[in-house]
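Colleague: Generate a structure from the sequence data that follows.
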Amino acid sequence: MMSNHTQISNGEQSNFKSSLNSHVKDLNVDYYYHLGLNSTFDLKSNFGDVKYVLMCGSPIRAYEIIQRAIQALKIQLPVGQTVAPI
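Modeller: Predicted structure coming up:
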């Protein structure tokens, strides 16, 4: 079922379409379990300067993707800084 859903978080209002079942759409808080966050967290003030977020499968695959991005974007890491699969 597609429905318009209005979520009010930290005084801001956003409209989005979502396919939510009747149990989920009535929840007051949306949990982003994979990030350890929820919709009550002030995402804009904490992550407002973040331009990109990359989420992918295994740590090895994420490591390979970031290595390719570093090369493609010609990013020079600061001395002593490295990328490591976690």
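Colleague: In three-state terms, label the residue nearest to the spatial centre of the chain for me.
Modeller: Geometric centre of the chain, nearest residue: Val53, 5.9 Å, by C-alpha atoms, centre = their mean. Under DSSP: H, G, I helix; E, B strand; the rest coil, Val53 falls in the coil class.
Colleague: distance of it from Val24?
Modeller: 23 Å (C-beta to C-beta, to the nearest Å). (Each C-beta comes from the backbone N, C-alpha and C, glycine too.)
Colleague: and if you look at Gln76?
Modeller: With C-beta to C-beta as the criterion, Gln76 and Val24 are 44 Å apart.
Colleague: Who has more neighbours out of these two?
Modeller: Val24 (11 against 8; other C-beta atoms under 10 Å).
Colleague: three-state assignment of the more buried one?
Modeller: Under three-state DSSP, Val24 falls in the helix class.
Colleague: Angles on the backbone of Pro59, please.
Modeller: Main-chain dihedrals, Pro59, degrees, to the nearest 10: phi -60, psi -40.
Colleague: ignore the last one, Ile70
Modeller: phi -60, psi -40.
Colleague: Who are the contact partners of it?
Modeller: If you count contacts by C-beta atoms under 8 Å, 6 or more residues apart in numbering, Ile70 has them with Leu77, Val83.
Colleague: Just give me the neighbour total for Ala69.
Modeller: Around Ala69 there are 13 residues (other C-beta under 10 Å).
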